[in-house]
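Colleague: sequence and predicted structure below; questions after.
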Amino acid sequence: MIALKNVSKWYEDFQALHDCSVAVEKGEVVIFCGPSGSGKSTLIKLINGLEDFQKGDILFKGKSIRDRDVRLPEWRRRIGMVFQHFELFPHLSVLGNLTIAQQKVLKRDAAEAEHKAMALLDRVGLRAHAGKYPSQLSGGQQQRVAIARSLSMDPEVMLFDEPTSALDPEMISEVLAVMVELAQEGMTMLCVTHEMGFARQVADRVVFMDAGTIVETAGAEAFFSAPQSDRARDFLGRLLL
Amino acid sequence: MGYNWNWGVLLQPVATGEGATYLGWILHGLLLTAALTLAAWLLALLVGTAFGILRAWPSRLCDAIGATYVSLFRNVPLIVQFFIWFFVVPEVLPTAIGDWIKSITPSTQVFVVSVLALGFFTGARICEQVRAGIAALPPGQLQAAQALGFRLPQTFRHILLPQCFRRILPPLTSEFLIISKNSAVASTIGLLELSGQARQLVDFTAQPYESFIVVTLAYIGLNIVILRLMEWIQRRIRLPGMMGA
Ligand SMILES: Nc1ncnc2c1ncn2[C@@H]1O[C@H](COP(=O)(O)OP(=O)(O)O)[C@@H](O)[C@H]1O
Ligand SMILES: [Mg+2]
């Protein structure tokens, strides 16, 4: 479904990614973890073309992002993305957040977009909040709206960049519950997170990154109980403290 | 002081004998100033937004075009810009357009020139406010819109600009107020707006105190109306759950 082939990425003359390769099959859930600054966000952003890269290739269903006939807006539309800081549109109501892209990008009519939006709000348990504005919601609620907003575009893959790390502890589980449900429905997911319980529950694989390289890839259980590399052991040791 | 106050002069018929009173002249001037201010502000908003978008557009060339406009129109004194629009522009345009401009009634011509001069001058300031307003938005807003499949123009139209304008409403209000006062420069090319009428009044009545007191009050009144209008807009676009601006 998604494949990175020997991808290297520089910001000016700082190399943020070194020769990274990952392949994610349809329906797989892959967790990315690693210390801050290791390049996880960069890697996620490359996949939907929010940053460009200098070497290697990125494929989505066998098609290279570098192909001449690739239109980035359409490429991105098919890949959902959830951000650490939600990034809801503050000037639009919850319903507006869920309908605007459906109407402007997918050209759905208002009634159809609204119908879809309400169904998704139902799914994340926020139907009653459709008329509110983002600033009137808790962090956990905002992130659930953000997930619903992504799903409104019928993505084939979902990217998550630390979706719970800006949340108060008591709100993390409500967001993870939505993500677990998505995973169990068979959504292909690439997820940067340090939530080990979540990873153990749904991850097919864990990819451990450090200093812009992919150091280790393993099954969730194997990775958390017996990491192979020193750097991963070190990282997990600090995570548990 | 030997000044002879005579407020009654305002209601006397004008010496040029056109059936108006001196107060009527002032009201006519006020109307012109109000129309000029509103038209120039709307033009400044349009021009400033267009160039502000260029400045915020992720392209060196677009940014350079925007920056050139700003440095041209911000660094030349307003009165010089009036003269350039009035005397130079009709000459350098293709003859057909130039002739057409010269064929318009002079009073319309000076009004249009004044709108253009004030609009483009103030537009350069609004351009920078729009640029800064967009730059101040969290970068995640652009990324979130793009991640949903928005093209860049759609992102500006539906996501960035609506937020930007809410943030820059206070400086836009200031520009509106400033235009109402800068519009007095239009009297130098012969537009009989409020300040022009005041001077005319002094010439005809020799009652400068009354003339300028009334005109001052008219400017203050106009500014209060502008403030009210902007407060009304502010209330209309305020988002639930957000405090202040
Ligand atoms: N826009 C940028 N410009 C320059 N350097 C950047 C930029 N974004 C990220 N970096 C650098 O790239 C490295 C990886 O960043 P990031 O992908 O955000 O890491 P992570 O998400 O794993 O914390 C960091 O050293 C960071 O400072
Ligand atoms: Mg990150």
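Modeller: Right, received. Where do you want to start? Ligands and ions are numbered 1, 2, ... in the order given.
Colleague: residue of chain B nearest chain A, please.
Modeller: B:Gly149 (2.9 Å; Cβ to the nearest Cβ). From N, CA and C alone the C-beta is placed, and that goes for glycine too.
Colleague: could I get the pLDDT score of that residue?
Modeller: For B:Gly149, the pLDDT comes out at 97.
Colleague: got a list of what it touches?
Modeller: The contact partners of B:Gly149, taken as Cβ atoms under 8 Å, 6 or more residues apart in numbering or on different chains, are A:73-74, A:76-77, A:101, A:105-106, A:153.
Colleague: does it count as helix, strand or coil?
Modeller: Here B:Gly149 is recorded as coil under DSSP: H, G, I helix; E, B strand; the rest coil.
Colleague: any idea how far A:His91 is from it?
Modeller: 19 Å (Cβ to Cβ, to the nearest Å).
Colleague: ligand 1 contacts on chain A?
Modeller: A:11, A:14, A:16, A:34, A:36-42 (Cβ under 6 Å from any ligand atom).
Colleague: what's the neighbour count on the residue in chain A positioned nearest to chain B?
Modeller: Residue nearest to chain B within chain A (Cβ to the nearest Cβ): A:Arg77, separated by 2.9 Å. Applying other Cβ atoms under 10 Å in any protein chain shown, we find 22 residues neighbouring A:Arg77.
Colleague: ok, A:Asp230 next?
Modeller: Residue neighbour count, defined by other Cβ under 10 Å, stands at 9 for A:Asp230.
Colleague: low-confidence ranges in the chain?
Modeller: You didn't pick a chain, so chain A it is. A:241 (pLDDT under 70).
Colleague: if you could check chain B rather than the one you did, that'd help
Modeller: Using pLDDT under 70, chain B drops low at B:1, B:242-245.
Colleague: mind listing what residue 195 touches?
Modeller: Using chain A here. A:164, A:172, A:176.
Colleague: switch to chain B, that's the one I care about
Modeller: B:29, B:33, B:184, B:187, B:215.
Colleague: pull out the buried members of the residues of chain A next to ligand 1.
Modeller: Applying 16 or more other Cβ atoms under 10 Å in any protein chain shown to the residues of chain A next to ligand 1, the neighbour count classes A:16, A:34, A:38-42 as buried.
Colleague: TSV for those, including distance to B:Ala39 and secondary structure?
Modeller: Shown next, in TSV, are those (distance: Cβ to Cβ, whole Å; DSSP: H, G, I helix; E, B strand; the rest coil):
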residue	distance to B:Ala39	secondary structure
A:Ala16	51	strand
A:Gly34	59	coil
A:Ser38	57	coil
A:Gly39	54	coil
A:Lys40	53	helix
A:Ser41	48	helix
A:Thr42	49	helix
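Colleague: what count of nearby residues applies to the spatially closest residue to B:Phe83 that is not a sequence neighbour?
Modeller: Using Cβ to Cβ, 6 or more residues apart in numbering or on different chains and skipping the chain neighbours, the partner closest in space to B:Phe83 is B:Ile189 (7.4 Å). Burial measure for B:Ile189: 20 neighbouring residues, criterion other Cβ under 10 Å.
Colleague: what do you get for the one 3 residues further on?
Modeller: Each residue near B:Leu192 was counted by other Cβ under 10 Å, and the total is 19.
Colleague: state the helix or strand in which it lies.
Modeller: In the assignment (DSSP states H and E), B:Leu192 maps to no helix and no strand.
Colleague: give the contact list for it.
Modeller: Counting by Cβ under 8 Å, 6+ apart, B:Leu192 makes contact with B:25, B:28-29, B:32, B:200.
Colleague: likewise for B:Leu72?
Modeller: Contacts of B:Leu72 by Cβ under 8 Å, 6+ apart are B:Ala124.
Colleague: which SSE is it in?
Modeller: helix B:60-75.
Colleague: in JSON lines, list the residues of chain A next to ligand 1 along with distance to B:Ala56.
Modeller: JSON lines is the format used below for those (distance: Cβ to Cβ, whole Å):
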{"residue": "A:Tyr11", "distance to B:Ala56": "21"}
{"residue": "A:Phe14", "distance to B:Ala56": "25"}
{"residue": "A:Ala16", "distance to B:Ala56": "25"}
{"residue": "A:Gly34", "distance to B:Ala56": "34"}
{"residue": "A:Ser36", "distance to B:Ala56": "30"}
{"residue": "A:Gly37", "distance to B:Ala56": "28"}
{"residue": "A:Ser38", "distance to B:Ala56": "31"}
{"residue": "A:Gly39", "distance to B:Ala56": "28"}
{"residue": "A:Lys40", "distance to B:Ala56": "28"}
{"residue": "A:Ser41", "distance to B:Ala56": "23"}
{"residue": "A:Thr42", "distance to B:Ala56": "24"}
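Colleague: and the residues you listed, which is closest to A:Met81?
Modeller: Taking Cβ to Cβ as the measure, A:Met81 lies nearest A:Ser41 of the residues of chain A next to ligand 1, at 10.9 Å.
Colleague: that closest one reaches A:Leu190, doesn't it?
Modeller: No: between A:Ser41 and A:Leu190 there is no contact under Cβ atoms under 8 Å: 11.8 Å.
Colleague: now the residue in chain B that ligand 1 sits nearest to: how far from B:Ala206?
Modeller: Closest contact between chain B and ligand 1, by Cβ to the nearest ligand atom, is at B:Pro139 (8.8 Å). Using Cβ to Cβ, B:Pro139 is found at 63 Å from B:Ala206.
Colleague: which residues touch the residue lying closest to A:Leu59 once chain neighbours are set aside?
Modeller: Nearest non-adjacent residue to A:Leu59, counting by Cβ to Cβ, 6+ apart: A:Ala3, 4.3 Å away. A:Ala3 is in contact with A:21-24, A:58-59, counting by Cβ under 8 Å, 6+ apart.
Colleague: which parts of chain A sit against chain B?
Modeller: Applying Cβ under 8 Å from any Cβ of the partner chain, we find that chain A lies next to chain B at A:45, A:48, A:50, A:72-74, A:76-77, A:79-81, A:83, A:85, A:87-91, A:100-101, A:104-106, A:132-133, A:135-136, A:149-150, A:153.
Colleague: do that again at 7 Å, thanks
Modeller: Within reach of chain B by Cβ under 7 Å from any Cβ of the partner chain, chain A has these residues: A:48, A:50, A:73-74, A:76-77, A:81, A:83, A:85, A:87, A:89-91, A:100-101, A:104-105, A:133, A:135-136, A:153.
Colleague: for A:Gln136, see how far away the closest residue to A:Phe224 other than its chain neighbours is.
Modeller: Spatial nearest neighbour of A:Phe224, excluding adjacent residues (Cβ to Cβ, 6+ apart): A:Met196 at 5.8 Å. Distance check for A:Met196 against A:Gln136: by Cβ to Cβ, it reads 32 Å.
Colleague: so B:Gln234 touches B:Leu169, yeah?
Modeller: Yes: counting by Cβ atoms under 7 Å, B:Gln234 sits close enough to B:Leu169 to count as a contact (5.7 Å).
Colleague: name the helix or strand for A:Lys45, please.
Modeller: Using DSSP H and E, A:Lys45 falls in helix A:40-47.
Colleague: fine, thanks again, bye for now.
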